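Student: starting from these lines, generate the structure:
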Amino acid sequence: MNSRVAPTQALRHGLILAGRGVRKIRRNPEHLVDVTVQPLLFLVMFGYLFGGAIAGSPDAYLRDLVPGLMVPSVLMATLSAGVGLNADAGSGVFDRFRSMPIARSAPLTGVVLAGAVRYLVAIAVLLAAGAVLGYRVGTGPLGVLAATAILVAAGLCFCWVTVFLGMVLRDRDAVQGTAVALFMPMVFASTVFVPAATMPGWLRAWSGVNPVSLLADVVRGLLGGGPVAGPLTGALAWSAGVLLVFFPLAIRAYHRRVG
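Tutor: Got it, this is the predicted structure:
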């Protein structure tokens, strides 16, 4: 495995290994259960159980819930990267990668880039299910494309958190449990399910800077109309910060694990 390659070469190697990940999904479509069934369950459960209490009716609630729910769906879809890498580390496949003339970061970047397919599936499922339930995009195709691009980019950045966990934890169940413990407080202490005005002051303050809330506000603005610039700035800052911190940490943990 070659650690001294140009960035463009390293990206090419990562894309090649991303193709491996996409082929695994094609051969085993059950790997998409978490980005198909889970978003649908959340949409129906929250939409019809809490829609009347929060927004007056399920139909009114769907206007905020469908775009908001795209954020945790993408965030939770990143778990498979860390779990999959943890399983690969115990299967010996990394030994094979070490013998190949590729960038040392390629096995990680390949898994991360392949995750974009999962994010796109989650977004498409929510939009399709929302349309069946009565949700309508208020802006148009460009708004959908912009929201999708921002969510995929954020997913690729936050995915490095689970990749890092996959490299430092020894058990795949520990990877999943730790990632859920990190992400769930961010998801439920956000404006995805309830408006910030209903929260106590300390929680409202956190919700205002929570990356999940910021991304939810961006997607709502792009799909339904509304301010985007402010929350977009915060969401991009969070994504860039997570990438700058966890990308080198994940690469270092990977090198330590594979030797």
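
Student: for residue 32, grab the count of nearby residues.
Tutor: Number of residues near residue 32 (other CB atoms under 10 Å) recorded here: 17. Yep, even glycine has a C-beta here, placed from its N, CA and C like the rest.

Student: start at 619 instead
Tutor: Done: numbering now begins at 619, and the last item shifts to residue 650.

Student: quick one: it is in a helix?
Tutor: Yes: the assignment for residue 650 (DSSP: H, G, I helix; E, B strand; the rest coil) places it in a helix.

Student: correct me if wrong: it contacts residue 643.
Tutor: Yes: judged on CB atoms under 8 Å, residue 650 makes contact with residue 643 at a distance of 6.5 Å.

Student: common neighbours of the two, please.
Tutor: Contact with both residue 650 and residue 643 is made by residues residue 736, according to CB atoms under 8 Å, 6 or more residues apart in numbering.

Student: ok, now how distant is residue 855 from residue 693?
Tutor: Applying CB to CB, to the nearest Å, one obtains 17 Å for the distance of residue 855 from residue 693.

Student: so which of those two has more stuff around it?
Tutor: residue 693 (27 against 13).

Student: who touches the more buried one in this structure?
Tutor: 773, 776, 801, 804, 805, 830.

Student: pick the one among the residues you listed closest to residue 738.
Tutor: Distance to residue 738, by CB to CB, is smallest for residue 773 among those, at 9.5 Å.

Student: tally of neighbours for that closest one?
Tutor: Residue 773, neighbours per other CB under 10 Å, totals 27.

Student: is it in contact with residue 696, as I believe?
Tutor: Yes: contact between residue 773 and residue 696 holds when scored by CB under 8 Å: they sit 5.9 Å apart.

Student: overlap in contacts, these two.
Tutor: residue 733.

Student: where along the stretch 619-768 of the chain do the helices fall?
Tutor: 625-645, 651-667, 669-673, 676-695, 697-709, 711-716, 724-751, 759-786 (DSSP state H, counting those that start in this stretch).

Student: by how many degrees do the first one and helix 697-709 diverge?
Tutor: Orientation of helix 625-645 against helix 697-709 (axes from the mean of the first three to the mean of the last three CA atoms, to 10 degrees) gives an angle of 90 degrees.
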